[in-house]
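Participant: pasted the sequence and its predicted model underneath.
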Amino acid sequence: MRLILFFIGFLMACSCKTEKKSINIDEEAVPQRSELSVESQLMLGNRLFSEKTCTTCHAVSSKKVGPSVKEIMHVYREQKGDIVAFLKGEAEPIVDTISAQVDIMQENIDGFLQGVSDEDLKIIANYMLHIDEISMD
Ligand code: HEC
């Protein structure tokens, strides 16, 4: 019996890896963030990025209301910025410092981002950091 369960587990682990891009996480089945595999963390990050409305203003590679995720990551990598600190309102913007633009993003930080846990902010930041590996465009 144990062997069969092990085998099923093994099969599931394999299929998860090949379906890297499909986002299908059951809300109730979401385990502790730290227990998630790297792939699952990225999938969850992808989901949170749209659920928390980031996608309204940020596309992967083209400018929308805000800079693209790729552009943001380029600047954060170069300047060794801390996205989580920025999203918590503890670090100054470094990508687009035009004040009208900063105000638009600041509204999110002061508003609904207050209700997002540090753990989820880390998951979102990690997703943005790995955008090159997971995006199609
Ligand atoms: C209503 C539009 C809007 C939404 C929604 C939005 N952003 Fe932004 N974002 C902006 C604009 C505009 C900028 C450019 C100003 C700036 O860089 O601070 C920006 C900049 C950023 C930056 C770069 C900050 C810097 O250092 O300059 C990050 C990181 C970021 N957004 C993450 C997010 C995440 C994560 C979400 C979702 C939780 C989100 N944004 C939702 C408009 C938005």
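Facilitator: The structure has been received and is ready for your questions. Numbers count the residues shown, from 1 in each chain.
Participant: where does this structure have its least confident helix or strand?
Facilitator: Least confident helix or strand, the chain: helix 2-18 with a mean of 52, by mean pLDDT, DSSP states H and E.
Participant: host element of the residue nearest the centre of the chain?
Facilitator: Centroid-nearest residue in the chain, with Cα atoms, centre = their mean: residue 124, separated by 2.6 Å. Taking DSSP states H and E as the criterion, the element that holds residue 124 is helix 118-129.
Participant: distance of residue 35 from residue 44?
Facilitator: 12 Å (Cβ to Cβ, to the nearest Å). Quick note: C-beta positions are derived from backbone N, CA and C, even for glycine.
Participant: which of these two has more residues huddled nearby?
Facilitator: The residue with more neighbours, out of residue 35 and residue 44, is residue 44; 21 against 9, by other Cβ atoms under 10 Å.
Participant: not counting its neighbours along the chain, what's nearest the more buried one?
Facilitator: Among residues not flanking residue 44 along the chain, residue 123 sits closest, at 5.4 Å (Cβ to Cβ, 6 or more residues apart in numbering).
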